[in-house]
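Q: following is a predicted model, sequence given first.
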Amino acid sequence: MQHSESQPAHCIFCDIMKGAAEVSVCYEDSSAVAFMDVQPVNQGHALVVPREHFESFQELPTDLGMHLFEVAMRLNPVIRKVAGANAMNLIVSSGAAAGQDVYHFHIHLIPRRAGDGFDVPLPFPGSAMPDRTILDAQAAQILSALRDPMRPPPRSSPAVSKK
């Protein structure tokens, strides 16, 4: 299991995976579990969680991340239908500065309805559009880093089975 030195070894999602905490499961397979959020934004708010502990998006193996996103895509239309919602937010908060409060990677699926009172304002009201040359320079830096032959390859995990 991947634990950072600054984060205590205790993890509520790991407890859930071990059966040591009560949870309402809406999907499971050998590498992922989805369950209802106990503090839902809206009815139908669910979390997609890997069975194995990875603290953040940065630690998550690529193939497992892809599988978790596939699970979220599979659940999306079903949760929207059951919750009577016509829209969905998928939210990943990775790291304290991003608002992560449970340090076990997870994806929030939040069914949405017009006027439900929840807001993720994008574009962010406090931001200003930068000059195009700044955006072009940032894009060039990202492209260059992606092409760097010394860049480590994406991490992969043991075979991810689908149910």
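A: Great, that's in hand.
Q: now the residue nearest in space to the middle of the chain: closest residue in space, sequence neighbours ignored.
A: Compute the mean C-alpha point of the chain, and by Cα atoms, centre = their mean the closest residue is Ile107, 2.8 Å away. In space, and not counting its chain neighbours, Ile107 is closest to Val48: 4.3 Å by Cβ to Cβ, 6 or more residues apart in numbering. (C-beta placed from N, C-alpha, C; glycine too.)
Q: mind checking the SS state of the one you found?
A: Classification of Val48 using DSSP: H, G, I helix; E, B strand; the rest coil returns strand.
Q: how near is it to Glu28?
A: The spacing between Val48 and Glu28, counted by Cβ to Cβ, to the nearest Å, is 10 Å.
Q: what residues are shared contacts of these two?
A: Ala34 (Cβ atoms under 8 Å, 6 or more residues apart in numbering).
Q: which one's more surrounded, these two?
A: Val48 (26 against 14; other Cβ atoms under 10 Å).
Q: ok, that one - contacts?
A: 27, 32-34, 68, 71-72, 75, 106-107, 109.
Q: and the residue nearest to Ile107, how far is that from Ala97?
A: 22 Å.
Q: what of Asp148?
A: Separation of Asp148 from Ala97 (Cβ to Cβ): 25 Å.
Q: state the phi and psi torsions of Glu28.
A: phi -160, psi 150 (degrees, to the nearest 10).
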